[in-house]
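Asker: Task: produce atomic coordinates for the following.
(one chain, ligands or ions: 1)
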Amino acid sequence: MNKQSTKSEKDRPHGQKIEKADLSVDIGPLTLKNPVMAASGVFGYGLELVDFCPPQKLGAIISKGLSLVPWKGNPAPRMAETAGGLLNAIGLENMGVDAFLASALGAVKKTGAVVGVNVLGRTEEDYAVLAEKLGRTEADFIELNVSCPNLASSGGASFGADPVVAARLTEKAVKRAGSKPVVVKLPPLVGDVAALAKKLEEAGATALSLINSLPGLSINLQNRQADLGHGFGGLSGPPIKPLALRQTYLTAQAVKIPVIGVGGILNHLDALEFIAAGATAVQMGVGVLIDPSSPLAVIEGLAEWLTEQNLALSELRGSLKLRA
Ligand SMILES: Cc1cc2nc3c(=O)[nH]c(=O)nc-3n(C[C@H](O)[C@H](O)[C@H](O)COP(=O)(O)O)c2cc1C
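Answerer: Here you go, the predicted model:
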């Protein structure tokens, strides 16, 4: 199980008082200044929220999902509130990877931010080509969104639904990305998440992030139509946190590579729960939409809580004890 710590954490002599918590974490070869990331899809291409949340203050920011060619996305309405959560069917609208590389990446990197680029494809080869392109850029890491429908498979199940397909896709992307770290973002509903995670680790993933939003539907009884133009959407926010925590725990128990927990994190206590479940870092989605400066409050809250508790991040990580 994943119990890695940063260098400074390893050096703490037993029992010594922590004056100021060290929030730095390692994701493969990358050392992040803190474990809080903006999740894909809520932080635009990196600079849209700069006045509320300077990207360089976060551990990392992840771009909106990018494809080889621009995607138009789904008809409006694209978002609907549900009890405590958010249903969205943006349809992965994006400018395409080439436009992002030409117009956005350099500007975000100039702020000093650590930038992960989230990618999506219609075929396995799409992911490999995207990884190769991004491998040659100043992006800090690539995040593969394997929740997209696989157009080559019968029924269009997601790439992540089949561990063999997901592992093959990951292996090819890792090879083509050169030395660039590759994070694989898992779908929320998989039969055996521990088995999938192990396969992706063997395939060379640098880290695993989870979970993506859950499939859902919300209905307008007046006109008996779906609230979203697309019909179905992806559910995010506090209602998915218990599932995300479970999947994070099971994944962190199964692999040695870092696990990045995502799902319903609004404040530092939510983030601490993910770390106790075994996450090395966390991502915030809907939390950023509710309050774009909330990741900064989470970072501050983590440092204060750990200092008060006299706990190093590595000591909290994976410390959850499940009652038998
Ligand atoms: C509006 C919106 C757009 C999203 N777009 C993407 C995307 O492009 N790629 C991706 O992997 N996840 C995308 N997600 C999923 C989030 O990154 C995250 O996994 C999910 O919302 C769960 O986290 P949360 O409960 O903190 O929002 C999106 C979520 C929202 C709300």
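
Asker: drop to CA atoms for contacts and neighbour counts, all remaining ones
Answerer: Noted.

Asker: could you pull out the helices for the stretch 201-324 of the chain?
Answerer: For the stretch 201-324 of the chain, the helices defined by DSSP state H, counting those that start in this stretch occupy 241-254, 268-276, 286-290, 294-309, 313-316.

Asker: Could you confirm whether stretch 79-97 reaches the ligand?
Answerer: Yes: Stretch 79-97 reaches the ligand (C-alpha under 6 Å from any ligand atom) through 88, 92.

Asker: Only the buried residues of that stretch, if you could.
Answerer: Neighbour-count burial for stretch 79-97 flags 79-80, 82, 85-90, 92-97 (criterion: 16 or more other C-alpha atoms under 10 Å).

Asker: Which one of the helices of the stretch 201-324 of the chain lies nearest to Val42?
Answerer: Closest approach to Val42 among the helices of the stretch 201-324 of the chain (C-alpha to C-alpha): helix 286-290, 6.4 Å.

Asker: for the closest one, packing partners?
Answerer: Contacts defined by 3 or more C-alpha pairs under 8 Å, 6 or more residues apart in numbering; DSSP states H and E place helix 286-290 against helix 294-309.

Asker: Summarise which helices and strands the helix it packs on is packed against.
Answerer: For helix 294-309, the packing partners by 3+ C-alpha pairs under 8 Å, 6+ apart are strand 36-38, helix 268-276, helix 286-290.

Asker: per-residue confidence at Thr280?
Answerer: For Thr280, the pLDDT comes out at 98.

Asker: Would you list the phi and psi of Ser40?
Answerer: phi -60, psi 140 (degrees, to the nearest 10).

Asker: Can you list the low-confidence ranges for this protein?
Answerer: 1-15, 154-155, 324 (pLDDT under 70).

Asker: before we move on, the earlier item: mind listing which of the buried residues of stretch 79-97 are in helices?
Answerer: Val97 (DSSP state H).

Asker: What is the most widely separated pair among the buried residues of stretch 79-97?
Answerer: Going by C-alpha to C-alpha, the pair spanning these furthest: Thr82 and Val97, at 31.9 Å.

Asker: How far off centre is stretch 316-324?
Answerer: Offset of stretch 316-324 from its chain centre (C-alpha atoms, centre = their mean, to the nearest Å): 22 Å.

Asker: Would you mind listing the buried residues in stretch 142-151?
Answerer: 142-150.

Asker: which residues sit in contact with the residue of the stretch 51-200 of the chain found nearest the ligand?
Answerer: In the stretch 51-200 of the chain, the residue that lies nearest the ligand is Gly65 (3.6 Å; C-alpha to the nearest ligand atom). By C-alpha atoms under 8 Å, 6 or more residues apart in numbering, the contact set of Gly65 is 40-41, 92, 94, 117-120, 145.

Asker: okay, the helices and strands packed on helix 294-309, which one's buried deepest?
Answerer: strand 36-38 (a mean of 29; mean count of other C-alpha atoms under 10 Å).

Asker: Paired strands for it, with orientation please.
Answerer: On the basis of DSSP bridges, the sheet neighbours of strand 36-38 come out as strand 60-62 (parallel), strand 281-284 (parallel).
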